[in-house]
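A.B. asks: Could you work out the structure for the sequence below:
(chains A and B)
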2 protein chains.
Amino acid sequence: MRYELYYWPEIQGRGEFIRLALEEAGASYADVARRKGGEDRLVALLGSTRLDQPPFAPPFLKAGRLMIAQTANILQYLGPRHGLAPKNEQGGLWVHQLQLTIADVVEEVHNTHHPIASALYYEQQRKEAKRYSREFWRRRPQKYLGYFERVLHRSGGPWLLGRRISYADLSLFQVVEGLRYAFPKSMRRLEPKIPGVVAVHDAVTERPRIAAYLASPRRIPFNEYGIFRHYKELDA
Amino acid sequence: MRYELYYWPEIQGRGEFIRLALEEAGASYADVARRKGGEDRLVALLGSTRLDQPPFAPPFLKAGRLMIAQTANILQYLGPRHGLAPKNEQGGLWVHQLQLTIADVVEEVHNTHHPIASALYYEQQRKEAKRYSREFWRRRPQKYLGYFERVLHRSGGPWLLGRRISYADLSLFQVVEGLRYAFPKSMRRLEPKIPGVVAVHDAVTERPRIAAYLASPRRIPFNEYGIFRHYKELDA
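C.D. replies: Residues are numbered from 1 along each chain as shown, chains lettered A, B, ... in the order given. Next up, the predicted model:
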C-alpha cells in the first residue's frame, strides 16, 4: 500500500516522527504537502465538513480508506505492520506508552519558545520563553531522558524494547537530535548522564535507510519554524 | 478482574478520565492511593528500578500482570473490554484519536495556571498565567470544542461515535465540567455555540452509574490543586 502523509512542508515538526518510521520501514509514501498543490489539499482536508473522521491537525496519514491523525496514533497503526512494534497487545501498549511520554517531552520543548500562545510570534513571548527555558533545563530533560535511560537499563538494550528496534527508538533519536540543535550547550552538559539514550541515537543514525534519508533532500533541515528551534538566548 | 488505579488522592486530575471510565463500566477497582498507605505504594512504584515497564507518571493501572500508564493508553486498554470503544481496529484508532485531542486540550488548560513550570506555584507565575489565559480564550476552546461539535454533526449523535457511548464522551463531559468550574464566565459565552458538546455533557450526567458516582464521596470535588482550577482573575 502507498501511504499519503499530510504535514506542513517546511518543517520537521511532529510529522518528522512519522517520516522517520516510514523511512526505516522502507514504506512507499507521498509527502503530499511537499508536492505541487499539496499544501492546498492538506488545508482543504482540514477544513472539510465531509470527512466522517476528520483530523484536528496535521500530521495525518491516509492508508487506503483510513485517515488517521495524532502522531502517536499513526505510529501505533504503522508499527506492527512494519516491524517497528510488537504485534501482541502487551508489547503494543508498552511501546505506545513510551511514545506518549515522548509526545509530552515534545510538547514541553515546543513551549520553550512558545510558552504563551502558538498563535503569537516568538518575539512576542521572548521574555516568558527565557523564563520557561531556564526552568525547563533545571529538571525536565534530566527527568524525561533519565526515565528512558532507566527503561534501557531494564530492557538490556540496545533498544528501548530490548533486541528489536521500535518506532519509539526512532522518536527518541529525533528528540536527542532536536535538543542538540536547539540547546547545544545544555545538551553537552546533560549527555554524559544519559549514555544509553545517546547510544540509541547513534545506533539509529547507523540504520542504512535512516542514514540514506538523513543525507537526502527529503530530510528538511532544522529551522526556526518547527518544534526544535535554536535561539541562543534560551540556551544558557 | 479487579483493577488497581494509581493516582494522586487529592485531585481529579488526569486520573479522573480513568475513574469515569471505570465507573461507567461498573468495573471493580481500587483507587489505591486514596486508601491507607496507598500513596506510599504509588510513590514506591514510581521510583522502582525493578519494574520492566515502569510508568513515567500517574495515572497508571494495574490490570492483572499488566501495568499500563498514560491516560489515553489506559483508556485504550479498558475501552473495548467494557463496551466503551469499538472492538475493530478502525473504530479503536478513531476513538483513540479523539482522546488524544482531548489530552491536548487538557494540557493547554493546565497551562492556563502553570504556563512557566509545573514545579512552581501558581503565585510564582500569575502574571504569565493571566497572559496565557487571555490568549487561550481568544481561540483555543472555540477551536477544540468546535472540532468536537463538527465530529458530532458527522456522527449524527448523540455520541461522538454515533449511537454508542465511548470513553471519549466521558472525557468530553469532564472537559466541559472542568471548564465550567475554572472559567464560568468564559464558558457561559462559549456554550451557545457548542450545543452538541453540551448535549453530550448532559447525557453523560444522566447515565445511572455516572450519576451515582458524581453524587458519591468517590468523586473528589474540583479544587485548586488539579488541572481545572478556578482563579477569578484568569476568567475575564
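A.B. asks: Verify the contact between A:E10 and A:F222 for me.
C.D. replies: No: taking CB atoms under 8 Å as the definition, A:E10 is not a contact partner of A:F222, at 11.6 Å. C-betas here are computed from N, CA, C, even on glycine.
A.B. asks: Those two: who's more crowded?
C.D. replies: A:F222 (19 against 13; other CB atoms under 10 Å in any protein chain shown).
A.B. asks: okay, now the nearest residue to that one once chain neighbours are set aside: neighbour count?
C.D. replies: Leaving aside its sequence neighbours, A:F222 sits nearest to A:Y181 (CB to CB, 6 or more residues apart in numbering or on different chains; 4.5 Å). A:Y181 is flanked by 17 other residues according to other CB under 10 Å.
A.B. asks: Show me what the strand or helix carrying A:L100 packs onto, helices and strands only.
C.D. replies: Here A:L100, judged by DSSP states H and E, is contained in helix A:89-113. Under the contact definition 3 or more CB pairs under 8 Å, 6 or more residues apart in numbering or on different chains; DSSP states H and E, helix A:89-113 sits against helix A:71-81, helix A:126-155, helix A:167-182, strand B:66-69, helix B:71-81.
A.B. asks: model confidence over that helix, on average?
C.D. replies: Average pLDDT, helix A:89-113: 98.
A.B. asks: Report the distance from it to the chain centre.
C.D. replies: Between the mean C-alpha location of helix A:89-113 and the chain-wide mean there is a distance of 9 Å, by CA atoms, centre = their mean, to the nearest Å.
A.B. asks: For A:L5, give me its contacts.
C.D. replies: Neighbour list for A:L5: A:G15, A:I18, A:R19, A:L22, A:Y29, A:A30, A:D31, A:V32, A:P59, A:L61 [criterion: CB atoms under 8 Å, 6 or more residues apart in numbering or on different chains].
A.B. asks: Report the next helix or strand after the helix or strand harbouring the third one in sequence order.
C.D. replies: Meaning A:R19. Element membership of A:R19, judged by DSSP H and E, is helix A:15-25. Counting by DSSP H and E, the element after helix A:15-25 in chain order, helix or strand, is strand A:29-31.
A.B. asks: Mind listing what's buried along the helix holding A:L100?
C.D. replies: A:91-113 (16 or more other CB atoms under 10 Å in any protein chain shown).
A.B. asks: Please apply the same query to stretch A:163-178.
C.D. replies: Result for stretch A:163-178 [16+ other CB under 10 Å]: buried residues A:165-178.
A.B. asks: pLDDT at the residue nearest to A:L190 when sequence neighbours are not counted, what is it?
C.D. replies: The shortest distance from A:L190 to any non-neighbouring residue, by CB to CB, 6+ apart, is to A:P141 (5.8 Å). The model reports A:P141 with a pLDDT of 98.
A.B. asks: ok so, going back, can you redo the contacts of A:L5 as CSV, where the extra columns are pLDDT, neighbour count and distance to chain B?
C.D. replies: Compiled in CSV, these are given as follows (pLDDT from 0 to 100; neighbours: other CB atoms under 10 Å in any protein chain shown; distance: CB to the nearest CB, whole Å):
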residue, pLDDT, neighbour count, distance to chain B
A:G15, 98, 24, 16
A:I18, 99, 28, 14
A:R19, 98, 22, 19
A:L22, 98, 22, 17
A:Y29, 98, 19, 18
A:A30, 98, 14, 21
A:D31, 98, 19, 21
A:V32, 98, 22, 19
A:P59, 98, 24, 12
A:L61, 98, 27, 10
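A.B. asks: Please identify which of those is nearest to A:L42.
C.D. replies: When these are compared for distance to A:L42 (CB to CB), A:V32 comes out closest, at 6.4 Å.
A.B. asks: Find me the pLDDT at the nearest residue to that closest one once chain neighbours are set aside, would you?
C.D. replies: Of all residues not flanking A:V32 in the chain, A:G38 sits nearest, at 4.3 Å (CB to CB, 6+ apart). The model reports A:G38 with a pLDDT of 98.
A.B. asks: And for A:G38, the neighbour number?
C.D. replies: Counted with other CB under 10 Å, the neighbours of A:G38 add up to 17.
A.B. asks: Report the separation between A:I68 and chain B.
C.D. replies: As for A:I68, its distance to chain B is 6 Å (criterion: CB to the nearest CB, to the nearest Å).
A.B. asks: doesn't B:L93 make contact with that residue?
C.D. replies: Yes: in terms of CB under 8 Å, A:I68 counts as a neighbour of B:L93; the distance is 5.7 Å.
A.B. asks: anything in contact with each of those two?
C.D. replies: Counting by CB under 8 Å, 6+ apart, the residues touching both A:I68 and B:L93 are A:Y77.
A.B. asks: Would you confirm that A:K193 contacts A:K143?
C.D. replies: No: in terms of CB under 8 Å, A:K193 does not count as a neighbour of A:K143; the distance is 11.5 Å.
A.B. asks: Next, the contact list for A:Q125, please.
C.D. replies: A:Q125 touches A:H113, A:H114, A:P115, A:I116, A:A117, counting by CB under 8 Å, 6+ apart.
A.B. asks: Am I right that the third one falls within a helix?
C.D. replies: No: the assignment for A:P115, made by DSSP: H, G, I helix; E, B strand; the rest coil, is coil rather than a helix.
A.B. asks: Can you report how many residues neighbour the closest residue to it other than its chain neighbours?
C.D. replies: Closest residue to A:P115 apart from its sequence neighbours, by CB to CB, 6+ apart: A:Y132 at 4.1 Å. By the measure other CB under 10 Å, the count of residues near A:Y132 is 24.
A.B. asks: Pipe the helices and strands packed on helix A:89-113 into CSV and attach distance to A:A199 per row.
C.D. replies: Shown next, in CSV, are these (distance: least, CB to CB, whole Å):
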stretch, distance to A:A199
helix A:71-81, 22
helix A:126-155, 8
helix A:167-182, 10
strand B:66-69, 24
helix B:71-81, 26
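A.B. asks: any idea of the pLDDT on A:A236?
C.D. replies: 88.
A.B. asks: what's the distance between it and A:S186?
C.D. replies: Using CB to CB, to the nearest Å, A:A236 is found at 7 Å from A:S186.
A.B. asks: So between these two, which is more surrounded?
C.D. replies: Taking neighbours as other CB under 10 Å, A:A236 and A:S186 compare with A:S186 leading, 18 against 11.
A.B. asks: Count the residues that sit near the closest residue to the more buried one other than its chain neighbours.
C.D. replies: Once flanking residues are discounted, A:S186 sits nearest to A:W137: 5.1 Å by CB to CB, 6+ apart. A count of neighbours around A:W137, defined by other CB under 10 Å, yields 20.
A.B. asks: Let me see the contact set for A:W137.
C.D. replies: A:W137 makes contacts with A:F183, A:S186, A:A236, as judged by CB under 8 Å, 6+ apart.
A.B. asks: give me phi/psi at the first one?
C.D. replies: Pointing back at A:F183 there. Note on A:F183: backbone dihedrals following degrees, to the nearest 10 are phi -130, psi 60.
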